[in-house]
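J.: sequence? don't have it. structure:
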């Protein structure tokens, strides 16, 4: 995979987006100039070429981007994350977002989606409301309670901190200010709620980047505003842990059923696989005519590898089936071929442009012969499983990746 010469303005090329390994990725057209600060303190200019909810794509010729990097998109909008080279031999880097400081308009963290999933599954637990909210000190507190009840925000969370803004000053209702550095953010959101006359919701990150908050602001009479700041750090961590355990369970069961011939992959594991091999070809599949070119290229690559003729033919059939599926279940895709001498493996990665496969549908989509749905990998999947040394599957909202492996002498 390479960047095209017209990147990112060429609508037909998606390489800069595929490198992000994330859903709902978009090109930034025209590319936006940004300032990058490295871990060493050095700065460099780069181009923001692609964005998603969890990562951004940067083109930077001045410096090699790795480890912790801070990107300044605007005076009050910065992104902090871990960077790595997204496309081999090209100064195009992927930065996995870890912190968003003063979110403006284009990026949100994936953890916000995770929080929403968690948030929707729980009902209000009024018995666990703070004492100060259940027994208000005055009429203003009672009014704040009523407004917050309308928003249905008092959930089972780690901590809830209540505030009121009066005459442009934010003060806590009982207790201490959770973080002085958040005062300006609280005031800004409260003023927005007062100005709009409706409730406002926003996500905030603590100054050290270790805690995540949901902030709700509800306007009150006389240009005042009630605020609830909810610490959801542990809730999000618990949701991530649950999802990880669910993924590991599916992985273990499917591996056991197939004697470890079928393996589920995370995006990170897939990236590590490609790092261990040498890329020798990349073919774009957009029509049935491209399949013939793919078969020709595969034969040319396998010829000097001295693979037994029968095994070469079987592996070619498996690769052709995987590539054919990109046309049947999506709008095409890419086939990238790697040779890994150290592991004695020929590795072919087939990436379609479909909507991915839901985790709960993976067993049926891969192991149940004759199963058919928009998420199915098709009847040819059993051919792939039979004719490959191993078959690895990774799937997300930006498509499904099949990794077909064959042993080479």
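T.: Yes, it's here. All values derive from a computational prediction rather than experimental measurement. Numbering: from 1, shown residues only.

J.: In the longest helix belonging to the chain, which residues are buried?
T.: If you go by DSSP state H, the chain has its longest helix at helix 233-257. For helix 233-257, burial by neighbour count (16 or more other Cβ atoms under 10 Å) applies to 233, 235-236, 239, 251, 254. Every C-beta, even on glycine, is put in place using the N, C-alpha and C of the backbone.

J.: Distance to residue 331 added to those, as JSON lines?
T.: Listed next are those as JSON lines, based on distance: Cβ to Cβ, whole Å:
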{"residue": "233", "distance to residue 331": "40"}
{"residue": "235", "distance to residue 331": "38"}
{"residue": "236", "distance to residue 331": "34"}
{"residue": "239", "distance to residue 331": "32"}
{"residue": "251", "distance to residue 331": "28"}
{"residue": "254", "distance to residue 331": "27"}
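
J.: Nearest to residue 385 among these?
T.: residue 254 (11.0 Å; Cβ to Cβ).

J.: Grab the nearest non-local neighbour of the closest one.
T.: residue 262 (5.4 Å; Cβ to Cβ, 6 or more residues apart in numbering).

J.: Might you list the low-confidence residue ranges for this protein?
T.: For the chain, the stretches with pLDDT under 70 are 1, 22-24, 74-77, 100-158, 174-179, 330, 355-380, 397.

J.: so where do the helices sit in it?
T.: Along the chain, the segments classed as helices by DSSP H run 15-18, 110-120, 131-134, 139-151, 183-196, 233-257, 267-275, 289-302, 309-328, 362-367, 380-387.

J.: Centre of the chain to the longest helix of the chain, how far?
T.: In terms of Cα atoms, centre = their mean, to the nearest Å, the centre of helix 233-257 is found 16 Å from the chain centre.

J.: Who are the packing partners of it?
T.: Where contact means 3 or more Cβ pairs under 8 Å, 6 or more residues apart in numbering; DSSP states H and E, helix 233-257 is packed against helix 110-120, strand 262-264, helix 362-367.

J.: one step back: with distance to residue 6 as extra columns, can I get the helices of the chain in JSON lines?
T.: Shown next, in JSON lines, are the helices of the chain (distance: least, Cβ to Cβ, whole Å):
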{"stretch": "helix 15-18", "distance to residue 6": "11"}
{"stretch": "helix 110-120", "distance to residue 6": "30"}
{"stretch": "helix 131-134", "distance to residue 6": "57"}
{"stretch": "helix 139-151", "distance to residue 6": "47"}
{"stretch": "helix 183-196", "distance to residue 6": "40"}
{"stretch": "helix 233-257", "distance to residue 6": "38"}
{"stretch": "helix 267-275", "distance to residue 6": "25"}
{"stretch": "helix 289-302", "distance to residue 6": "21"}
{"stretch": "helix 309-328", "distance to residue 6": "24"}
{"stretch": "helix 362-367", "distance to residue 6": "36"}
{"stretch": "helix 380-387", "distance to residue 6": "35"}
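
J.: what's the burial count for residue 310?
T.: Residue 310: 8 surrounding residues under other Cβ atoms under 10 Å.

J.: Could you check how far it is from residue 316?
T.: Noted for residue 310: a distance of 11 Å to residue 316, by Cβ to Cβ, to the nearest Å.

J.: now residue 54
T.: Here the criterion is Cβ to Cβ. By it, residue 54 lies 36 Å from residue 316.

J.: Check residue 256 too.
T.: 29 Å.

J.: Check residue 399 too.
T.: According to Cβ to Cβ, residue 399 and residue 316 sit 23 Å apart.

J.: what's near enough to touch the residue lying closest to residue 281 once chain neighbours are set aside?
T.: Spatially, and ignoring its direct neighbours in sequence, residue 281 is nearest to residue 337 (4.4 Å; Cβ to Cβ, 6+ apart). For residue 337, the contacting residues are 279-283, 297-298, 301, 346-349, by Cβ atoms under 8 Å, 6 or more residues apart in numbering.

J.: Redo those as TSV? Include neighbour count and distance to residue 2.
T.: Shown next, in TSV, are the contacts of residue 337 (neighbours: other Cβ atoms under 10 Å; distance: Cβ to Cβ, whole Å):
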residue	neighbour count	distance to residue 2
279	16	10
280	13	14
281	15	12
282	15	8
283	19	13
297	17	16
298	22	20
301	15	18
346	26	21
347	24	19
348	24	18
349	25	15
